[in-house]
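Asks: Below are the sequence and a predicted model for it; my questions follow.
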Amino acid sequence: REAGHHLYQPQASQAPRQPGTMAEASHAPLSGAIVKGLNDKMYDKRKNAALEVENLVKLLAKADDTQKIVQLTGVLRKEFVFSTNANARKGGLIGLAATAIALGQHFPNIASYLPDLVPPVLQCFNDPDSRVRYYACESLYNITKVVRSDILVFFNRVFDALCKLAADSEPSVKNGAELLDRLVKDVVTESTSFDIDKFIPLLSERIYAVNPHVRQFLVSWVTVLDSVPCIMLLDYLPNFLNGMYKILSDPNKEIRRMCESALSEFMREIKERPTDAVDFAAMVSILVAYCQSDDLLTKYTAVAWINDFIALAKRKMLPFTAELVRGILPLLAFEVDAKLRELAIMTNQSLMKLINEADDKVDPSVSEAAFNIAATLQVLTIQLLNESVSTRLASLRWFLMLHVKTPEKIFQHIDIFVPALLKTLSDPVDKVVLLDLEVLAEVSSTGEQSSEAVREQAQAFFRKFMLDLMSLFSTDRELLEKRGSFIIRQLSTLLSPESIYRELAGILLQEDDLEFASLMVQNLNLILLTSTELFELRQRLKKMDTPETRSVFCVLYRSWAHSPVATFSLCLLAQVYDHACDLLQKFSELEITVPFLIEIDKLIQLLESPIFTFLRLQLLEPQRHAYLVKALYGLLMLLPQSSAYFTLHSRLDCVPPIIHALSQLDGAQKYNKQQQKGNIGADIKFPDLLKHFDHVQQLHADAATRSIAARADIMDAL
């Protein structure tokens, strides 16, 4: 537009020029002067020609000559708007606007002419000449000003054209488009017949624009439409919410502010509506996706919406638990923004509170509103691999909560998450391992109010858990070395130590890998003898005063037979010193290796520890504990003269001479037999245990022989 010119304004006071012989046949009913004026390169001449067109249309309208009006609009389209000459296109545009102005003043049914007037103008919005694009804006502005709500028939096409012009590189075009945009918004605002259903698909498509000017244009329209009382835009929010969140992360602060304001208004409306009137389901997936956005504002807004959804919809959000967990848990350790982290923690807690014991009975395949525990467990299992410690801990707390509230469903899907829980035992963070063990222990145990079915499932899981744990130790020796003792001790605080040791001993009894069985027995024995967590079990084994305790001793003995020194120490703990002496006699038949001597060395150090204080005090009564003296002297005889030898020798120097002690063996034997009658009785058949010990040690000897032969074959092959 030339400087100083304004939008075309009609001048009704100018006298019309009568059409006649001057009009050329191809441009009728336009006169030659009008045609020439519309083609002129000067804006003023085109404007004057447009005034002539306006006056001509007024005459035709008064004469009700619709045929010539249609003919005139056809000439303006074909000969001018569609012309290859830019000035002609400009003239055609201003001529169409003049036609609309005249019809609006003198023809009540102007809407019937809009299909001839509006589409040609819209076509020029894409014209390569920026001046033509500007005049197209001016022309449509004048047409819209006349027809008002009738223009809404073409709203989608007008909106699409304005959307493209918002990104126009020419400032004058953008200014013209903005004027037109404001007018169209006014028309929509005052209209009661706006077709929102027809518009939403276009908005849903255009909302993904990346140009900042287009984004600003789109958000402004969303805001305007949402403000119109008769347009229920909130009903269609799921269709364009995803695009709104994309716009929210725009680097332009003004655009972000506009979008944030629009979203805040939508949330206000959601809170005022009945929950049944809000389509939460359609929006949850969108919000979850933006919880992981790189933009802080977008991330925070998404979490805030989820938190509000949970507060508003409450248990209606249960079907989306898996999705929500996937979105929220990774944010629990968000270090960049403490406010977001606290919001995520609060949202996670609110979601956990939605689940109750009733969810243990509802089948998600029957009810869409049911809590889908299988999907949730799968998400939680994946979150156990998250690099964030807080996220891993939160996942484990979810497992604990789900087992407490929905135990039956947990057991139905136990294969989903147990392998991951076992793998988590290798986690480098102690807090994670502790909570992981708590989860495994919780699933392995039952409460007093648990059903019979849950009890049976828990017992079955406990056996499988112990078997899996032993298998894990067997395949991951590093875990056994670094965390084995820690894991067994912590489990002993959460579950019955006796049950754990019984189950592990039974598994080791069937273990084919004899080397691992021996190593595992040594570890379990050291834990039994030294850890505070197993104090009660040690005390019971010392007394051996109940059939149950004697049964535990026999179970342990049969597995402890994989390690001679561990078996010997178990006998010392249980105070069956005469059998310990019998074992020492068997040691003479074994191959005395360096590992064997190291084990004896460790045992002697243990004998000097507080654990065996009772044993050292018994040395003060050699007449009653002569077999103890003999066993310790026998142990001394097995050792080379090392530091362990001198340690034990120094201890034995504190008791009466061995000859005196051994002279008491007959009395001690009688005393032991009396003790056995009173306490042990027939519960423990020591000869059978000794035979079992021989059998297990023979298995180890045969395995060692085969190993040596295999290595020899390999060397020969090389």
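Replies: Now that the structure is in, tell me what you want to look at.

Asks: hey, let's count contacts and neighbours off CA atoms from now on
Replies: Will do.

Asks: Kindly provide the whole-number mean pLDDT of the longest helix along the chain.
Replies: In the chain, taking DSSP state H as the definition, the longest helix is helix 686-717. Averaging pLDDT along helix 686-717 gives 82.

Asks: in it, what's buried?
Replies: 689-690, 692-694, 696-697, 700 (16 or more other C-alpha atoms under 10 Å).

Asks: Over to stretch 67-83?
Replies: In stretch 67-83, the ones that count as buried by 16+ other C-alpha under 10 Å are 68-69, 72-77, 79-82.

Asks: can you check stretch 544-558 too?
Replies: Residues 544, 549-550, 552-558 are the ones in stretch 544-558 that count as buried (16+ other C-alpha under 10 Å).

Asks: repeat for stretch 218-226
Replies: For stretch 218-226, the neighbour count (16+ other C-alpha under 10 Å) marks 218-223, 225-226 as buried.

Asks: from the chain's centre, how far out does that stretch sit?
Replies: Relative to the centre of its chain, stretch 218-226 is centred 33 Å away, using C-alpha atoms, centre = their mean, to the nearest Å.

Asks: next one: stretch 332-343
Replies: Using C-alpha atoms, centre = their mean, the offset of stretch 332-343 from its chain centre is 15 Å.

Asks: now, which of the buried residues of helix 686-717 sits nearest residue 139?
Replies: The closest of these to residue 139 turns out to be residue 700 (C-alpha to C-alpha; 100.6 Å).

Asks: Mind pulling up the pLDDT for the spatially most central residue of the chain?
Replies: Centroid-nearest residue in the chain: residue 326, 2.0 Å away (criterion: C-alpha atoms, centre = their mean). At residue 326, the model reports a pLDDT of 95.

Asks: And residue 573, how far from residue 562?
Replies: With the distance defined as C-alpha to C-alpha, to the nearest Å, residue 573 ends up 17 Å from residue 562.

Asks: Between the two, which has more neighbouring residues?
Replies: The neighbour comparison of residue 573 against residue 562 (other C-alpha atoms under 10 Å) goes to residue 562, with 27 against 22.

Asks: Setting aside sequence-adjacent positions, which residue approaches that one most closely?
Replies: Distance criterion C-alpha to C-alpha, 6 or more residues apart in numbering; nearest residue to residue 562, sequence neighbours excluded, is residue 518 at 4.8 Å.

Asks: Checking that neighbour next. Helix, strand or coil?
Replies: Counting by DSSP: H, G, I helix; E, B strand; the rest coil, the backbone at residue 518 sits in helix.

Asks: quick one, what contacts it?
Replies: 560, 562-563 (C-alpha atoms under 8 Å, 6 or more residues apart in numbering).

Asks: let's see it at 10 Å
Replies: Shown in contact with residue 518 (C-alpha atoms under 10 Å, 6 or more residues apart in numbering): 508, 511, 524, 559-564, 566, 700.

Asks: how far away is it from residue 306?
Replies: Applying C-alpha to C-alpha, the value for residue 518 to residue 306 is 54 Å.

Asks: Might one say that residue 198 is in contact with residue 204?
Replies: No. If you go by C-alpha atoms under 10 Å, residue 198 and residue 204 don't touch, sitting 11.1 Å apart.

Asks: mind showing which ranges of this structure have poor pLDDT?
Replies: 1-25, 362-369, 447-450, 656-683, 712-713, 715-718 (pLDDT under 70).

Asks: Okay, strands next: where are they in it?
Replies: In the chain, no strands are defined using DSSP state E.

Asks: Next, residue 427: phi, psi?
Replies: Backbone torsions for residue 427, taken as degrees, to the nearest 10, come to phi -60, psi 140.

Asks: Quick check: it touching residue 437?
Replies: No. Contact status for residue 427 versus residue 437: not in contact, 11.4 Å apart, counting by C-alpha under 10 Å.

Asks: For stretch 551-570, what is the distance to the chain centroid?
Replies: That offset, for stretch 551-570, works out to 47 Å (C-alpha atoms, centre = their mean).

Asks: typo on my end, stretch 645-655
Replies: Distance of stretch 645-655 from its chain centroid, counting by C-alpha atoms, centre = their mean, is 62 Å.

Asks: Count residues in the vicinity of the nearest residue to residue 388 once chain neighbours are set aside, would you?
Replies: Once flanking residues are discounted, residue 388 sits nearest to residue 333: 6.3 Å by C-alpha to C-alpha, 6+ apart. By other C-alpha under 10 Å, the residues close to residue 333 number 20.

Asks: again with the one 3 residues further on
Replies: As a burial measure, the neighbour count of residue 336 was computed by other C-alpha under 10 Å and equals 9.

Asks: Report the separation between it and residue 296.
Replies: 9 Å.

Asks: for residue 551, same thing?
Replies: 62 Å.

Asks: same check, this time on residue 200
Replies: 29 Å.

Asks: ok, now residue 613?
Replies: Look at residue 613 and residue 296: by C-alpha to C-alpha, they are 63 Å apart.

Asks: Pick out whichever of the two has more residues nearby.
Replies: Of the pair residue 613 and residue 296, residue 296 is the one with more neighbours under other C-alpha under 10 Å, namely 16 against 12.

Asks: Double-check residue 467 against residue 508; I have them as touching.
Replies: Yes. Here residue 467 lies in contact with residue 508, judged by C-alpha under 10 Å, at a distance of 9.5 Å.

Asks: Contact partners for residue 298?
Replies: For residue 298, the contacting residues are 244-250, 256, 260, 287, 290-292, 304, by C-alpha under 10 Å, 6+ apart.

Asks: Max pairwise distance over those residues: which two?
Replies: Maximum pairwise distance among the contacts of residue 298 (C-alpha to C-alpha): 18.9 Å, between 250 and 304.

Asks: Residue 36: neighbour count?
Replies: Each residue near residue 36 was counted by other C-alpha under 10 Å, and the total is 15.

Asks: any idea how far it lies from residue 217?
Replies: Distance, residue 36 to residue 217, by C-alpha to C-alpha: 39 Å.

Asks: Please apply the same query to residue 391.
Replies: Residue 391 sits 40 Å away from residue 217, going by C-alpha to C-alpha.

Asks: so how many other residues sit close to the closest residue in space to residue 497 that isn't next to it in sequence?
Replies: Once flanking residues are discounted, residue 497 sits nearest to residue 534: 6.5 Å by C-alpha to C-alpha, 6+ apart. If you count neighbours by other C-alpha under 10 Å, residue 534 ends up with 19.

Asks: Ok, residue 121 next?
Replies: Residues lying near residue 121 (other C-alpha under 10 Å) number 29.

Asks: So it sits against residue 97, correct?
Replies: Yes. Using C-alpha under 10 Å, residue 121 is in contact with residue 97, at 9.1 Å.

Asks: tell me, what's touching the two both at once?
Replies: Overlap of the contact sets of residue 121 and residue 97 (by C-alpha under 10 Å, 6+ apart) consists of 135-136, 138-140, 143.

Asks: Just give me how far stretch 508-521 sits from the chain centre.
Replies: 40 Å.

Asks: if I look at residue 334, how far off is residue 295?
Replies: 13 Å.

Asks: Kindly report the same for residue 613.
Replies: Counting by C-alpha to C-alpha, the separation of residue 613 from residue 295 is 65 Å.

Asks: How about residue 169?
Replies: 28 Å.

Asks: So those two - more neighbours on which side?
Replies: Counted by other C-alpha under 10 Å, residue 169 and residue 295 do not tie: residue 295 has more neighbours, with 15 against 10.

Asks: contacting residues for that one?
Replies: Applying C-alpha under 10 Å, 6+ apart, the residues near residue 295 are 246, 248-251.

Asks: All good on my end, thank you.
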